[in-house]
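Chemist: Quick one: sequence and predicted model below, then my questions.
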Amino acid sequence: MVAQRVVTSLAGHAFRAFRHVRWPALSRTLPSRPCTVLDVGCGTERWFTTRIAQAGYQVTGVDVQDGVLLPQLPYDSEAFDLVVCLEVLEHTTDPVRSLQELYRVAKRRLLVTVPREPWFTMWRLGWWVPDHLWALTPTGCQRLLGPAQVTAVGLGRYWQLVWDKSSRASSQPSASVEIR
């Protein structure tokens, strides 16, 4: 039990340190002009929310409570130019519904990052994070929402997926998904 707490604490410190390494990859996905942004799962530190607001974007941050992304976010469809969800879906009880809901409120672009397994766990010396309920893959996410720009970021620890809705004829996601 003590070993688990030590590893969890060290992982938290590593996560906070990696944010600065990952900022360049995240910032390249931002629209060139300031717009409205929803940061889902911003946490109490609101690191990304604060950073992007400082860059001139109008940002709203909401957090996920007890692994549950609201069945329906309290926003209209296509309410935000950009919706961002960083390392949250693997903690939700229904990642398929959560991903569909994120897509619904995104007007122009959806940015999602998820741990890149098995590399993420290997970086943690084989220690699986107990509150990671799912291992989501880019293939599974794309089967649900369609083609995305996929990049390995954070020294290969995370998958970054970007859906650009403005370049699509239809913004309707498909209904099936594969999650491992």
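Modeler: Cool, the structure landed. Residues are numbered from 1 along each chain as shown.
Chemist: by contact count, what packs against the longest strand belonging to the chain?
Modeler: Longest strand in the chain by number of residues, with DSSP state E as the criterion: strand 106-115. Contact partners of strand 106-115 among helices and strands, from 3 or more CB pairs under 8 Å, 6 or more residues apart in numbering; DSSP states H and E: strand 80-86, helix 95-105, helix 138-145, strand 158-164. Every C-beta, even on glycine, is put in place using the N, C-alpha and C of the backbone.
Chemist: and the last one, which residues are buried?
Modeler: When you say that, I think you mean strand 158-164. By neighbour count, with 16 or more other CB atoms under 10 Å as the criterion, the buried positions of strand 158-164 are 158-164.
Chemist: Which member of those is positioned nearest residue 44?
Modeler: The shortest distance between residue 44 and any of these, using CB to CB, involves residue 158 and amounts to 20.6 Å.
Chemist: Just list whatever residues bridge to the closest one.
Modeler: With beta bridges defined as DSSP bridges, residue 158 has these partners: residue 115, residue 153.
Chemist: what's the answer for the one 5 residues further on, then?
Modeler: Beta-bridge partners recorded for residue 163 (DSSP bridges): residue 110.
Chemist: I'd say it and residue 145 touch.
Modeler: Yes - applying CB atoms under 8 Å, one finds residue 163 in contact with residue 145, separated by 5.6 Å.
Chemist: Now do the shared contacts for these two.
Modeler: 103, 110 (CB atoms under 8 Å, 6 or more residues apart in numbering).
Chemist: all strands for the protein, in order.
Modeler: Read by DSSP E, the chain holds these strands, from start to end of the chain: 36-40, 58-62, 80-86, 106-115, 149-153, 158-164.
Chemist: orientation of the second one relative to strand 80-86 in degrees?
Modeler: Read it as strand 58-62. 40 degrees (axes from the mean of the first three to the mean of the last three CA atoms, to 10 degrees).
Chemist: now swap in the fourth one and tell me
Modeler: Between strand 106-115 and strand 80-86, the angle comes out at 10 degrees (the same axes, to 10 degrees).
Chemist: Lovely, talk soon.
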